[in-house]
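Enquirer: got a structure for you, letters missing:
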């Protein structure tokens, strides 16, 4: 489970790097009806959930035809039996049942600025 949480954190960190760099220019933030939008001069990020699977969608405002999407459908813990740091479906063993996110009743409570 720690590996998946670390992977999730790395993805979010990758999303946050452009936001941190743009904070001097200001960040516009909106939250309504289960949709969160963050915008800077260079980047737009939309997070939707509405008690469903979290969906991260971001794009460069200068290139609106190119966008990126990440959705996490389920989390599961795996024992990395060969210790290579990579999930190998044929050799690694899943620990317990996966957590299907649509059944988890998600609620977005907002961002915490530090």
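Expert: It's in. Quantities reported herein were computed from a predicted structural model and do not represent experimental measurements. Numbering: from 1, shown residues only.
Enquirer: The strand ranked longest in the chain pairs with which strands, parallel or anti?
Expert: Ranked by residue count, the top strand of the chain under DSSP state E comes out as strand 93-100. Here strand 93-100 has these sheet partners by DSSP bridges: strand 74-79 (antiparallel).
Enquirer: Pull out the buried positions in the strand it pairs with.
Expert: Judged by neighbour count using 16 or more other Cβ atoms under 10 Å, the buried positions of strand 74-79 are residue 77. To be clear about C-beta, it is placed using only N, CA and C from the backbone, and glycine gets the same treatment.
Enquirer: Excluding chain neighbours, what is closest to residue 99?
Expert: Ranked by Cβ to Cβ, 6 or more residues apart in numbering and with sequence neighbours excluded, the top spatial neighbour of residue 99 is residue 75, at 4.8 Å.
Enquirer: thought that neighbour was touching residue 97?
Expert: No - applying Cβ atoms under 8 Å, one finds residue 75 not in contact with residue 97, separated by 10.6 Å.
Enquirer: what's the first-to-last distance across stretch 45-65?
Expert: End-to-end distance of stretch 45-65 (Cα to Cα, to the nearest Å): 14 Å.
Enquirer: what about residue 98, neighbour count?
Expert: Neighbour count of residue 98, defined by other Cβ atoms under 10 Å: 12.
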